[in-house]
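Student: No sequence on hand, only this structure:
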């Protein structure tokens, strides 16, 4: 009988409560989710254009004082000027025999480009291609022609870059600022002076009789210089840049490693290299003032080179930044210190800078390894 | 000492054990010599294939959840089943009346109610929370919830075909009162670095003839809007079930009985039916402009994405429909042999199988001993193994004049949460008690 009662007692004991599971003492509700890894698609950002960035930082007016924008949005440096203008009636009056085709000599003309190149070079910018054109206004109802010699120089006129003679280049009837000569050069030195010699205007016979209404209008000749901006050399070194207004309270989540990836799709003909990324954390200095200092407990590996593209032909490059705690977990992040290297575009293609060229960040995704701790579920 | 042991047995009999009258073989009453009236029998069955210890862990002097960093993935996920289910059933017998006919048969008339509810959660959901999304794709279609309430009116008849063999049957008219059923034909989650994709095809069925769930302007079920609230309506389902049984006593002292209970189901009318169907892919917040890179805009875009997910998950109202749902079926077999040297002592063996239409079946086999003092008391002890491991049971009854008080208690091992009854391990727990008046 004793054995039987022991058996009953044992059976009852098996169903007894286990004090290790006493809920009245409370449950630690801290949980660590996704302890292996979780990846989350974040989406796409963009497209963004340099124009948006300039508008956002309010640098538009300052930029316009140095650089213009052409009708297609390309950044250009332009200069134009007139070097000859005479009314038709006066020309006719000065001709020895207006009833016959005549040639009017025009004084030689020298000019210089208001150089902004030194300023632009500070930003690694070059002017390429450079386009120099000569234009004429012909108010007559029949064509005229222009002859002469153009020399373009650099280095204050000491180095002649090109010299070109032109003879009786036609200018159509009733033309205003019609281009009759165009010189274009990609790369090489900046144009900073030009000289026009032996210029002549070839007029038809009896211009006032055939075309009496044009008498009060003028023949005119002008030049137009246009240089497209592009980055050919890049900037030396890297530009340090601090982002000090971050407030990422990651410490409480005890994250060990976070990786953010994206595909940069860029039309901008500039190679951007973001390197030397440091995580900044708040520390109280010896003077009792809080400041941002680089966090030595966190390492940052980056693959953040945005390859150059060009208008209509964007280039895709994968980007990746990995923030990893060397020991423990990633602390609260209060800022980032990054170094930005601006480099020349690589490869072939149009390298002109345009304010409407786009850059997008596609397939942004974040991966957290080692779990995310939530203090109380 | 002897008194103490005797007293503990009596207390045990009063507090715990007795034959599970609710699963009684209908053929067993064929040998009764007198009628009975039974009122208010309650049987509670709780079956869970995982226990609280699969979710809570003592660690460092405190209690933590399986998602705590001190609990490894293997420790937490290794203690879970592929589908973690909990099932509860409450049988309430309003009254039973049994009488012996002028012929040889025995009649029973019974009325009662039954409440069933359950929940199934696939392991994948907890796996995602614990380890992350590296194991994609996930099949979550075993996520289910159901509950129903129905009444039973039963007529039973048993007949001794000979001194050694009897058969019995019970026909039950089932009157469905309420039923809710949430089940998915397809529910998958695919996660990659670039995309989270949910494919869902699920039904939400809610019965009620008197209360109608409203819909919003887009046709989705709006559970905050009801019409006919508080009205008492007609039954929303009807069905039939039968219990069949046989008892065979091939030789003196040996009894073999077998029964199949609750073979049937209910045709429910789900007047408030909805279907969640569709596919949603989350690829992050697309085409964010620089102007939108602030908390307000990002929150707004996330809210929009959440709305899109809800549009897939939210059940859209569909026309009411009839659906047949089987009630849990139970099959029992029991053998009992009275010891030749002392016929009051019997050796018992039994097995049980319960099939569900929403989760894995439950089974068990037991062996035991019982002592029977006719017209005074009965005590039985049993133990065995089942789908959820070791099980044991105690049952007993005491008689005083024409009243018999009976109870039974069945449980698994592993303990319970202190000051509560939640089992720590996978468990089948059955509690039954009732009072019967014997018409002698």
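Tutor: Everything's here; your move. Keep in mind that this is a model prediction, so the values were computed, not measured.
Student: Make sure residue B:301 is indeed in a strand.
Tutor: No. Residue B:301 is assigned helix when assessed by DSSP: H, G, I helix; E, B strand; the rest coil, not a strand.
Student: For it, list the residues it contacts.
Tutor: Residue B:301 makes contact with B:285, B:288, B:292, according to Cβ atoms under 8 Å, 6 or more residues apart in numbering or on different chains. C-beta: built from backbone N, CA, C; applies to glycine.
Student: is it possible to export these to TSV including secondary structure?
Tutor: Converted to TSV, the contacts of residue B:301 look like this (three-state DSSP):
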residue	secondary structure
B:285	strand
B:288	strand
B:292	helix
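Student: Chain A: which of the residues you listed is nearest?
Tutor: Comparing the contacts of residue B:301 against chain A with Cβ to the nearest Cβ places residue B:285 closest, at 3.6 Å.
Student: To what extent is the residue of the stretch 251-400 of chain B found nearest chain A buried, counted in neighbours?
Tutor: Nearest residue of the stretch 251-400 of chain B to chain A (Cβ to the nearest Cβ) works out as residue B:284 at 2.7 Å. Other residues near residue B:284 come to 21 when the count uses other Cβ atoms under 10 Å in any protein chain shown.
Student: again, but for residue B:341
Tutor: Neighbour count for residue B:341, taken as other Cβ under 10 Å: 6.
Student: just residue B:339 next, same as before
Tutor: Residue B:339: 12 neighbours (other Cβ under 10 Å).
Student: quick revisit: tell me the buried residues within the contacts of residue B:301.
Tutor: B:285, B:288 (16 or more other Cβ atoms under 10 Å in any protein chain shown).
Student: so residue B:253 makes contact with residue B:337?
Tutor: Yes. If you go by Cβ atoms under 8 Å, residue B:253 and residue B:337 touch, sitting 5.9 Å apart.
Student: hang on, the earlier thing: using TSV, lay out the contacts of residue B:301 together with pLDDT.
Tutor: Below are those laid out as TSV (pLDDT from 0 to 100):
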residue	pLDDT
B:285	81
B:288	74
B:292	72
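Student: give me the element the residue lying closest to residue A:243 once chain neighbours are set aside is part of.
Tutor: Distances taken as Cβ to Cβ, 6 or more residues apart in numbering or on different chains place residue A:336 nearest to residue A:243, at 4.5 Å, with adjacent residues excluded. Following DSSP states H and E, one finds residue A:336 within strand A:335-343.
Student: Give me the contacts around that strand.
Tutor: Outside strand A:335-343, the residues that touch it by Cβ under 8 Å, 6+ apart are A:124, A:231, A:234-235, A:237-246, A:270-280, A:292, A:294.
Student: go again using 6 Å as the cut-off
Tutor: Residues from elsewhere that reach strand A:335-343 (Cβ atoms under 6 Å, 6 or more residues apart in numbering or on different chains): A:234-235, A:238-244, A:246, A:271, A:273-278, A:280, A:292.
Student: Can I get the buried part of those residues as one PyMOL selection?
Tutor: Buried subset of the contacts of strand A:335-343, written as a PyMOL selection, criterion 16+ other Cβ under 10 Å:
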select buried, chain A and resi 235+238+271+273+274+277+278+280+292
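Student: per-residue confidence at residue 374?
Tutor: Since no chain was named, I'll use chain A. Residue A:374 carries a pLDDT value of 86.
Student: Chain B is the one I meant
Tutor: Residue B:374 carries a pLDDT value of 86.
Student: what does residue B:229 give?
Tutor: Residue-level confidence at residue B:229 comes out at 56, pLDDT.
Student: go on, the one 10 residues further on?
Tutor: According to the model's per-residue confidence, residue B:239 sits at a pLDDT of 94.
Student: in what helix or strand does it lie?
Tutor: strand B:237-251.
Student: Tell me the secondary structure at whichever residue of the stretch 51-200 of chain A sits closest to chain B.
Tutor: Closest to chain B within the stretch 51-200 of chain A is residue A:52: 5.7 Å, counting by Cβ to the nearest Cβ. Three-state assignment for residue A:52 (three-state DSSP): helix.
Student: Look at it and say how many residues are nearby.
Tutor: For residue A:52, the count of nearby residues is 17 (other Cβ under 10 Å).
Student: what does residue B:45 give?
Tutor: Neighbours around residue B:45, by other Cβ under 10 Å: 23.
Student: what's the spacing between it and chain A?
Tutor: Counting by Cβ to the nearest Cβ, to the nearest Å, the gap from residue B:45 to chain A is 16 Å.
Student: Am I right that that residue is in contact with residue B:430?
Tutor: Yes. Counting by Cβ atoms under 6 Å, residue B:430 is a contact partner of residue B:45 at 4.9 Å.
Student: near chain A, which residues of the stretch 1-150 of chain B?
Tutor: B:5, B:58, B:62, B:63, B:64, B:67, B:69, B:129, B:131, B:132, B:133, B:134 (Cβ under 6 Å from any Cβ of the partner chain).
Student: Please list only the buried members of the residues you listed.
Tutor: Among the residues of the stretch 1-150 of chain B next to chain A, those buried by neighbour count (16+ other Cβ under 10 Å) are B:63, B:64, B:67, B:69, B:129, B:131, B:132, B:133.
Student: which phi and psi does the last one have?
Tutor: Meaning residue B:133. For residue B:133, the backbone dihedrals (degrees, to the nearest 10) come out as phi -110, psi 20.
Student: which residues in the stretch 101-250 of chain B form strands?
Tutor: Along the stretch 101-250 of chain B, counting by DSSP state E, counting those that start in this stretch, strands occupy B:106-122, B:138-139, B:144-160, B:165-191, B:196-206, B:212-215, B:221-227, B:237-251.
Student: and residue A:98, which of the ones you listed is closest to it?
Tutor: Proximity of the strands of the stretch 101-250 of chain B to residue A:98 was assessed by Cβ to Cβ; the nearest stretch is strand B:196-206, lying at 85.1 Å.
Student: sorry, back to before: pull up the gap between the residue of the stretch 251-400 of chain B closest to chain A and residue A:41, please.
Tutor: According to Cβ to Cβ, to the nearest Å, residue B:284 stands 4 Å off from residue A:41.
Student: same deal with residue A:81?
Tutor: Counting by Cβ to Cβ, the gap from residue A:81 to residue A:41 is 56 Å.
Student: The two - which one has more neighbours?
Tutor: Comparing residue A:81 with residue A:41 by other Cβ under 10 Å, the one with more neighbours is residue A:41, at 21 against 10.
Student: which element is the more buried one on?
Tutor: Under the criterion of DSSP H and E, residue A:41 resides in strand A:37-48.
Student: Show me what that strand packs onto, helices and strands only.
Tutor: Strand A:37-48 makes packing contacts with strand A:359-369, strand B:285-288 when contacts are defined by 3 or more Cβ pairs under 6 Å, 6 or more residues apart in numbering or on different chains; DSSP states H and E.
Student: what packs against the shortest one?
Tutor: Applying 3+ Cβ pairs under 6 Å, 6+ apart, we find strand B:285-288 packed against strand A:37-48.
Student: Give the burial count for whatever residue of the stretch 101-250 of chain A ends up closest to chain B, as a bare number.
Tutor: Evaluated by Cβ to the nearest Cβ, the stretch 101-250 of chain A has residue A:247 as its residue closest to chain B, separated by 11.2 Å. By other Cβ under 10 Å, the residues close to residue A:247 number 9.
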